[in-house]
Every structure is written in structure tokens, then in C-alpha cells.
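Novice: coords please:
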Amino acid sequence: MYYLNIPGRLKQRKARKEEEKGDECQMTQREANTLCEGAPIDVSNNISKVFAFIMTCVFYSPIVPLGIPICGVGLILIYYSYKYMLLRVHKMPEMFGDLMATFFASFMPFILLTWCIAYVIFVSEINNTYADTFNENYKDDAGGKTASTKDLDND
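Specialist: Residues are numbered from 1 along each chain as shown. Take a look at the predicted model:
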């Protein structure tokens, strides 16, 4: 969607129309500057989207182990796309305090807690789902004995 940049292209078209008028142009410098700058970017929304992306990848990593490398590649792509958007498409965002950045930085340790919860949930569900099938297959491999009776026989 950013590649299409429809509002930006409309502004460029309007700026070219005014440029073609030459000396008959009635546009002020402020209006010309407004035509050349892009839409404002919502920094806080973008930071929260990136954090949600990280948390989603970490949460599903126990069942999709490739989620962590995918998250790394995704973060690199997000970084370069936002860097391009800030330099070429959008106008400079309003400065905000360090509250947002420090909030998300202090929230990062909860990623470990999220991963632990996801691991327990997914592994316990997988064990509950496939426990009977695993026990039947293991009994067949052990010669009709379960693991507990086989250990008792060896003692």
C-alpha cells in the first residue's frame, strides 16, 4: 500500500498542475510545502504493532519453531520499510517523550513469561491429544509391556 501511495501521488499531480501554471500560480510557499510533505506517521501505533508482532511470534514458537527466525527477518523488513517511509514518504513525526519507549522496553521481560505459558499450553495439549496413541505404539515396541512394568521386570 505504501508503494502505491495514492494520496502522495494525488499531491504530486496537484503540485505538477500548479508548476505548469508558471507565473500565474497563486499558491503560497506554505501551501507548496504542504503539498510536498507526506501524511503524518503514528509512531506509537507502529511501536505497538511491532511489539504485538514479536509477542505473536514468541507465543506460537513452541508449535512453529521457525517463528523466531521469521520474526527476526520480519523485524529487519519492518525496520527498513519504516526507515524508508520516514525518509521518503511521511513528514517528520512530532516528538514524544521517552515514556513509550521505556514502557515497551520494560515490558520486554514478559516475553519470557509469554513463551513459558505458550510452551506449557501447547505441549500439554499435544501430550493430551497423542498420549494414548503414543502409549499403544510404545507398548507394541516394548513387547507388550508398558514402561513401568518393563522397569519392574529389570529390577
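Novice: going forward, measure contacts and count neighbours with C-alpha atoms only.
Specialist: OK.
Novice: So which elements touch the helix or strand that Ser124 is a member of?
Specialist: Secondary structure from DSSP states H and E places Ser124 in helix 110-141. Counting contacts by 3 or more C-alpha pairs under 8 Å, 6 or more residues apart in numbering; DSSP states H and E, helix 110-141 packs against helix 43-59.
Novice: and the following helix or strand past the helix it packs on, how far from the chain's centre?
Specialist: Downstream of helix 43-59, the next assigned helix or strand under DSSP H and E is helix 67-84. Relative to its parent chain, helix 67-84 has a centroid offset of 8 Å by C-alpha atoms, centre = their mean, to the nearest Å.
Novice: Rounded mean pLDDT for helix 67-84, please.
Specialist: Taken as a whole, helix 67-84 has an average pLDDT of 89.
Novice: quick one: buried residues of it?
Specialist: Gly67, Ile68, Cys71, Tyr82 (16 or more other C-alpha atoms under 10 Å).
Novice: List just the nearest of those to Ile47.
Specialist: Tyr82 (10.7 Å; C-alpha to C-alpha).
Novice: Next up, the contacts around the spatially most central residue of the chain.
Specialist: Central residue of the chain (C-alpha atoms, centre = their mean): Phe53, 2.6 Å from the mean position. Phe53 sits next to Cys71 when contact means C-alpha atoms under 8 Å, 6 or more residues apart in numbering.
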